[in-house]
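Visitor: I'd like to go over a predicted model; first the sequence, then the structure.
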Amino acid sequence: MALPLTYNFRNVLVRWRATLATIIGIGLVVAVFVLVQSLAVGLEKSAGNTGDPRNIMIVRKGSTAESTSMVSLPQFQILHYWPQIARDAAGQPLISADLLCLISQPRIDGHGEANVSVRGLTAMGMVLRPQVKLLSGRWFTPGQREVAISRRLARRFAHFQVGDTFRTAATTLTVVGEFDGGNSAFDSEVWMDADEARSFFDRQQYSSLLVRAASLEAGRELIARIEADKRLPLLAGPEVKYYADQTATALPIKILGNFLATAMSIGAVFAAMNTMYASVGSRTREIGTLRVLGFRRRTILAGFIVEGALLAAIGGVLGCLLALPLHGVSTGTMSFNSFSETVFEFRITPWLAAKGIIFAVVVGVIGSLLPAIRAARLPVITALKSV
Amino acid sequence: MTLPTFILKNALRNKRRALLSVSSVAVSLFLLVTLQVALRELTLPPPSAGAELRVAVRNKISLTNLLPVRQRGVIEKIPGVAAVSPFTWFGGRYRNEEGMSFAQFAMDADKLQSVFGEAKMNLDGYEKFAAARDACVLGKITADKYHLKVGDQMTLASTVYPGSLTFHIAGIYSGTPDDRNMLFRQDYLDESIGQPGYVGMWWLKVKSADDMAPVIKAINAAFANTSAEVRAESERNFQLGFISMLGNVKALIASISTVVVFTLVLVSASTMSMAVRERFRELAILKALGFRRRELFAFILAESFGLAAVGALLGIGGAYLLYTFGDIGKMTQGIFVSFEVTPRIMGIAGLVAVLLGIVSALAPSLSVARMSVVEGLKTLD
C-alpha cells in the first residue's frame, strides 16, 4: 500500500516557514551551480560555434595560438593555386591569409587594459566566414585605417563604438562598423584589412591561412598534401576542429563550479536534514497513526524520502529560474589560449537546467534519508504516546 | 543550575540539530574564506622582494609584440638604471604535454643576480649559468614535479618560435613568490632562431626607489614616436595590469560570496527559529516564573551565538589549517601557487558569524516576546 503523496505534499505546506527557508537555500545553491557551469558551457559553445565545416585552417606547426603562428608570403603563394581549393564564380581561389595581432586597449569601465585580438583579413577572408554579419555602419575599406568590431566586444572597451578612434602602433584607427559574430570566437575580434595591418604592425608574415576545400575529399587531400610537403612547416586541419580545441579557459571555471557545488551542497544537505528531522519530530504521532492504519515501514520511509526530494526539486526549479535572467548575458575574461579578451555568454541549456534539478533532488534525498529512516523505525506505541 | 549551564544544556539538548547547525555554518564559512582568499590571490598577487626597484618594459601595442634589441643601449644610458636584461617568453611545452605547465623566459646570464636577486640559489649555479650557453635555471616546484636535478637535460618545444631547444640545468632556485619558472639565456635563443634582433621585454633594476619614477618617464619618452613605442611600469603595476585582463572573474567571485553569505544566514536563521519554536512552552513557563523579555532574548541570543561561534571556529580554523599546511598547487592543479588566509579575511568571516548569530536570534526572540504566557503554555508543538 503506497502512502498517499498528498499527505507528504500537504505536510510540506504546513511547516511553511522552515520549508521555505530550505527551498530557498537549495534554490540558491542550484542557482550558483547552474550559473558557474553556464559560463563553462558558454565558453565551449562559443568555441564550438566557430568556423565553417568546409573550411581548412592552416597555421605554423607547433604554435598553439593564431597570434604566435607565422605563415610566410612564399608559403601562401605555393598554396594559392592548388586544385583542392574551391573557386568562386569569378574563378578566384577561396583562400585568405590573415594576420592576428593583440593590442592592449583600455576597458570601458576604467579598470585597466586588456589584450584584444585584431584580425587583418583579405576580401576572401570575409567570404570564408559567412556567419559574421554586419549590424550597423559599414565594413572597413581595404587600404584604409578602418576597423569593424564585434558588438559584444565593443561594449567592453572604451574607444570601440562606431565613429570612435583609437591609437595603437603609432597609428590612429577609426571604427566604421559593428558586426555580430553569431556567438562564435569572432565575437571577440576587431576586423580590418590584412595588408594595412601588416604595414603598421610591421609584420612581414601572416598568421594563418584559411581555405575552402572544393569538397570533403579535396579537404582531406589538402591536409595530407600539406603534411607531406617538406617545404611547408605548416599544420592544416578543419577550421571547426581548430576552434573546438580552444577550450582550455573553460577548465578553471569548471573546477571552480565543481568545488562550489560540492562545498555548497554539503551545507545544503545539512540544512535539508535539519528541516526533515524537525518535520519528522513534530509528526511522530501522525506516523504512529499511519503505522496503526497498516502502512508499512518501507512505505513511510519512501514517503519521507519523496517529501525531501519534492522539497529539493522545487528548490532546484527555483534555482534555475533565479539563474535564467542571466542567460544570454555576455561577459568576458582573458582566454588562456589566445591570451586576449574572450567574450562569451552565460548559456543555460535544458541539459544544464536538468542537471541542476537532478543535483537538487540528490541533495534532497541524501538530506532526508536519515530522518526518513528514523521515522520508519519509530515504535508504534511510543509514537502514539508522544505529545 | 547556573545560567551558562542552562544555555549550554538547551543548545545541546537536541545534539543532532546542534551538530547539523554547526556543520552548515562551518561549511559555509569555509567556503566564504576560500572565495575571499581566491579573490585576493587573483587581484593582489604577493609582492616579491626587490619589486620596488624593478621596472618592466613592454611594447606599447601589447605584451605579445616584440621589442628591437637596439633599445638596450638607450635604456642603459638613462641615469638611475642599474642593470637591464631582456626577458623573452618562450612558450615551451615539456615532454609532449598538452598545455604549458610552467613558464620559460630568455634573459642575460650575467644579469640574473642583479635584476632578480631575490632568488635563492647556490653561487655555483650562477657561475654555471654564465659559463654554458645552453644552461638554464629552474624553479624548485617545477624541478620537484619532474624530478629534475642540476646537470639534467631538458628539451622544450616552443609554441612561439619554430623548433625546440635542449637545455642543461645549471641551478635550481627557490624563495620567489612563484618558484615554477625556468630561465635560460637570450643568446642561446637568438642563435637558434637566427639572430632576429628582437626580444620580448626589458626588465631592469634601478639604483634606488627615488630613481623609479624618473627612469620610467625617461624610458617612455625615449621611444615615443618610434616604430616600437614602449610602456615602462613598475613591477607591481605590471602585475596589476596583467590581472585586469582577467576581466569579470572578480565580479563573479564577489557575487558568489554574497550568495553564500545570504544562504548561510537564511538556513541558520530558520534552524534557530525551529529550535525556539520547539520549546515555546518552556519559554512560556520561564515567562510565567518572572523572567523578562530581555532575559529570554539573552538566552536565545547566547545559544545562537554559541552555535555560530563553534561553526566559525571549525570553518575558519579548518580553512586556515588546510590552506596553510596543505599543498595548494596540487589541490588547484597549479592555478594557485600561494593561498594565504590573511587575518583580515578571517576577521571578515568572523564578523559574518557574529552577525549570523544576532540575526538568527532576532526572529525567534520577537515571536517569544510577542507571545502571551497562556498562548505559549497551550502550544503543543
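Guide: Ah, there it is. Bear in mind that the values here come from a model prediction, so they are computed numbers and not experimental data.

Visitor: so which helix or strand takes in the most centrally placed residue in chain A?
Guide: The residue at the geometric middle of chain A, judged as the C-alpha nearest the mean C-alpha position with CA atoms, centre = their mean, is residue A:42 (1.5 Å). Assigning secondary structure by DSSP states H and E places residue A:42 in helix A:16-48.

Visitor: and if you look at residue A:320?
Guide: Take DSSP H and E as the rule and residue A:320 turns out to sit in helix A:297-323.

Visitor: kindly report the same for residue A:135.
Guide: Secondary structure (DSSP H and E) places residue A:135 in strand A:133-137.

Visitor: give the rounded mean pLDDT of that strand.
Guide: Model confidence over strand A:133-137, given as mean pLDDT, is 95.

Visitor: against which helices or strands is it packed?
Guide: Strand A:133-137 is packed against strand A:171-180, with contacts defined by 3 or more CB pairs under 8 Å, 6 or more residues apart in numbering or on different chains; DSSP states H and E. Where C-beta positions appear, they are placed from N, C-alpha and C, glycine not excepted.

Visitor: picking that back up, quick one: the residue nearest to the centre of chain A and chain B, what's the gap?
Guide: 12 Å (CB to the nearest CB, to the nearest Å).

Visitor: go ahead and confirm that residue touches residue A:347.
Guide: Yes. Here residue A:42 reaches residue A:347: they are 4.2 Å apart, a contact under CB atoms under 8 Å.

Visitor: which other helices and strands does the helix holding residue A:42 contact?
Guide: On a contact count with 3+ CB pairs under 8 Å, 6+ apart, helix A:16-48 meets helix A:239-244, helix A:250-282, helix A:297-323, strand A:341-345, helix A:350-377, helix B:249-278.

Visitor: got the angle between it and strand A:341-345?
Guide: On the basis of axes from the mean of the first three to the mean of the last three CA atoms, to 10 degrees, helix A:16-48 is oriented at 130 degrees to strand A:341-345.

Visitor: can you name the next helix or strand after helix A:16-48?
Guide: Next along the chain after helix A:16-48, taking DSSP H and E as the criterion, comes strand A:55-60.

Visitor: so which bits of the helix or strand following that next one are buried?
Guide: Sequence order places helix A:73-80 as the next helix or strand after strand A:55-60, per DSSP H and E. Taking 16 or more other CB atoms under 10 Å in any protein chain shown as the basis for neighbour counts, the residues of helix A:73-80 that come out buried are A:75-76, A:79.

Visitor: and if you look at stretch A:51-68?
Guide: Buried residues in stretch A:51-68, defined by neighbour count with 16+ other CB under 10 Å: A:51, A:54-60, A:62-68.

Visitor: which one of those residues is nearest residue B:20?
Guide: Of all those, residue B:20 sits closest to residue A:64, with 48.8 Å by CB to CB.

Visitor: I'd like to know how far the closest one sits from residue B:157.
Guide: Relative to residue B:157, residue A:64 is positioned 10 Å away (criterion: CB to CB, to the nearest Å).

Visitor: how about residue 209: what's its closest non-neighbour residue?
Guide: Reading this off chain A. Of all residues not flanking residue A:209 in the chain, residue A:58 sits nearest, at 4.1 Å (CB to CB, 6 or more residues apart in numbering or on different chains).

Visitor: can you look at chain B instead?
Guide: residue B:52 (5.6 Å).

Visitor: so where's the chain uncertain?
Guide: Using chain A. A:1-3, A:15, A:387 (pLDDT under 70).

Visitor: can you look at chain B instead?
Guide: For chain B, counting by pLDDT under 70, the residues that fall below are B:1, B:272, B:379-381.

Visitor: what residue in it comes nearest to chain A?
Guide: Distances between chain B and chain A by CB to the nearest CB are smallest at residue B:244, namely 2.8 Å.

Visitor: wait, that residue sits on residue A:106?
Guide: No. Using CB under 8 Å, residue B:244 makes no contact with residue A:106, being 9.6 Å away.

Visitor: anything in contact with each of the two?
Guide: A:112-113 (CB atoms under 8 Å, 6 or more residues apart in numbering or on different chains).

Visitor: can you pull the residues of the stretch 151-300 of chain A lying near chain B?
Guide: Near chain B, the residues belonging to the stretch 151-300 of chain A are A:156, A:168-170, A:201-202, A:233, A:248, A:252, A:255, A:259-260, A:263-264, A:266-267, A:270-271, A:273-275, A:277-278, A:281-282 when assessed by CB under 8 Å from any CB of the partner chain.

Visitor: next, the angle from the helix holding residue A:42 to helix A:350-377.
Guide: Calculated by the same axes, to 10 degrees, helix A:16-48 forms an angle of 150 degrees with helix A:350-377.

Visitor: and the angle for helix A:16-48 with helix B:249-278?
Guide: Angle between the axes of helix A:16-48 and helix B:249-278 is 160 degrees (criterion: the same axes, to 10 degrees).

Visitor: for chain B, what is the nearest residue in chain A?
Guide: In chain A, the residue that lies nearest chain B is residue A:112 (2.8 Å; CB to the nearest CB).

Visitor: contacts only, for that residue.
Guide: A:106, B:240-241, B:243-245.

Visitor: just the residues you listed: which are in strands?
Guide: Judged by DSSP state E, strands contain the following of the contacts of residue A:112: residue A:106.

Visitor: would you mind checking the contacts of residue A:112 for buried ones?
Guide: A:106, B:241, B:243-245.

Visitor: can you give me the domain boundaries for the chain?
Guide: I'll assume chain A. What automatic domain parsing lists as the domains of chain A is A:5-48+A:248-385, A:62-232.

Visitor: hmm, no, I was thinking of chain B.
Guide: According to automatic domain parsing, the ranges for chain B are B:3-46+B:247-378, B:61-228.

Visitor: need those in TSV (columns: mean neighbour count).
Guide: Output for these, formatted as TSV (neighbours: other CB atoms under 10 Å in any protein chain shown):
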stretch	mean neighbour count
domain B:3-46+B:247-378	18
domain B:61-228	18
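
Visitor: circling back to that earlier point, what pairs with the residue nearest to residue A:209 across the strands?
Guide: Each beta-bridge partner of residue A:58 is listed here, defined by DSSP bridges: residue A:209, residue A:236.

Visitor: okay, it and residue A:221: tell me how far apart.
Guide: Residue A:58 sits 14 Å away from residue A:221, taking CB to CB as the criterion.

Visitor: could you list the buried residues of stretch A:324-340?
Guide: Counting neighbours by 16+ other CB under 10 Å, stretch A:324-340 gives A:324, A:326-327, A:330-340 as buried.
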